[in-house]
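Trainee: need a 3D model of the following:
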Amino acid sequence: RMLELHAETLKRREVEVQQLERESRREREAIGERARALQLREEWIEAQHEASLRQARELEEREREVEASQERERRMVAEAAARAQRRARPEPPRAEYFELSPMVASAEP
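Mentor: Take a look at the predicted model:
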């Protein structure tokens, strides 16, 4: 009878061990799935970060281009204003505009 009880106990323990092994395998698989999900999330976050950095660089480049364009436009406007101001000023008098007085005309060089 003792041997039967011992055999039953061993059988129950073997069944418990098998159950624990199945549970352990399922837990390891679940942990692996969570680890893969975390890895994918980390890769996604990294890709989003790289995209944000790329967008920031592109935005900075566009801002520099706009600033350069505005500066060229300001120079062109300033140059046009300077030309207009020069055209608006009266020209300095030229010698042919004045009649030479007889005394100046008869003077020897």
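Trainee: state the number of residues packed around residue 81.
Mentor: Applying other Cβ atoms under 10 Å, we find 10 residues neighbouring residue 81. Any C-beta I mention is one placed from the backbone N, CA and C, and that applies to glycine too.
Trainee: again but with residue 69, I slipped
Mentor: So residue 69, with other Cβ under 10 Å, has 10 neighbours.
Trainee: number the residues from 56 up from this point.
Mentor: Will do, 56 is the new start, and the previous item becomes residue 124.
Trainee: so which helix or strand of this protein has the lowest pLDDT on average?
Mentor: helix 157-161 (a mean of 55; mean pLDDT, DSSP states H and E).
Trainee: what's the mean pLDDT across stretch 97-107?
Mentor: What stretch 97-107 shows for mean pLDDT is 98.
Trainee: dump that stretch to CSV, keeping only the CA atoms.
Mentor: This file holds the C-alpha atoms of stretch 97-107, laid out as CSV (Å, rounded to 0.1, in the frame of the first residue of the first chain):
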residue,chain,number,x,y,z
GLU,A,97,11.4,51.7,-29.6
GLU,A,98,12.2,51.5,-33.3
TRP,A,99,9.0,53.5,-34.1
ILE,A,100,9.9,56.2,-31.6
GLU,A,101,13.4,56.4,-33.0
ALA,A,102,12.1,56.7,-36.5
GLN,A,103,9.7,59.5,-35.3
HIS,A,104,12.6,61.2,-33.6
GLU,A,105,14.7,61.0,-36.8
ALA,A,106,11.8,62.3,-38.9
SER,A,107,11.4,65.2,-36.4
